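> sequence-free structure coming up:
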């Protein structure tokens, strides 16, 4: 059995230009590594765009085995 944790990671990229920047990927790596150290495993992620396509966010779900 697992317990699940979902987080929202806002990004600074202007997605209408279809470009991500190094700061965004570094922030994502930091979150993934931090959760891995805590014993969480990445399950899925999805990008949520805003209505103006100016700034969006990732919805990231992790899981951890329940003892």
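In hand now; what should we look at? Please read these numbers as outputs of a predicted model, since none were measured by experiment.

> residues near the closest residue to residue 57 other than its chain neighbours, how many?
Nearest residue to residue 57, sequence neighbours excluded (CB to CB, 6 or more residues apart in numbering): residue 10, at 4.4 Å. Any C-beta I mention is one placed from the backbone N, CA and C, and that applies to glycine too. Counted with other CB atoms under 10 Å, residues neighbouring residue 10 total 12.

> residue 10 and residue 23: what is the separation?
Going from residue 10 to residue 23 by CB to CB, to the nearest Å gives 12 Å.

> where do the strands sit along the protein?
Ranges of strands in the chain, per DSSP state E, are 2-10, 41-48, 57-65.

> want to throw these into JSON lines with mean pLDDT and distance to residue 27?
As requested, those are arranged in JSON lines below (pLDDT from 0 to 100; distance: least, CB to CB, whole Å):
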{"stretch": "strand 2-10", "mean pLDDT": "94", "distance to residue 27": "7"}
{"stretch": "strand 41-48", "mean pLDDT": "90", "distance to residue 27": "13"}
{"stretch": "strand 57-65", "mean pLDDT": "93", "distance to residue 27": "10"}
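
> hmm, residue 35 is touching residue 62, no?
Yes. Here residue 35 reaches residue 62: they are 5.2 Å apart, a contact under CB atoms under 8 Å.

> shared neighbours, those two?
Both residue 35 and residue 62 are in contact with 5, 42, where contact means CB atoms under 8 Å, 6 or more residues apart in numbering.

> quick one: which of these two has more around it?
residue 62 (22 against 17).

> can you list phi and psi of the closest residue to residue 1 other than its chain neighbours for me?
Nearest non-adjacent residue to residue 1, counting by CB to CB, 6+ apart: residue 66, 4.8 Å away. For residue 66, the backbone dihedrals (degrees, to the nearest 10) come out as phi -90, psi 130.

> lovely, talk soon.
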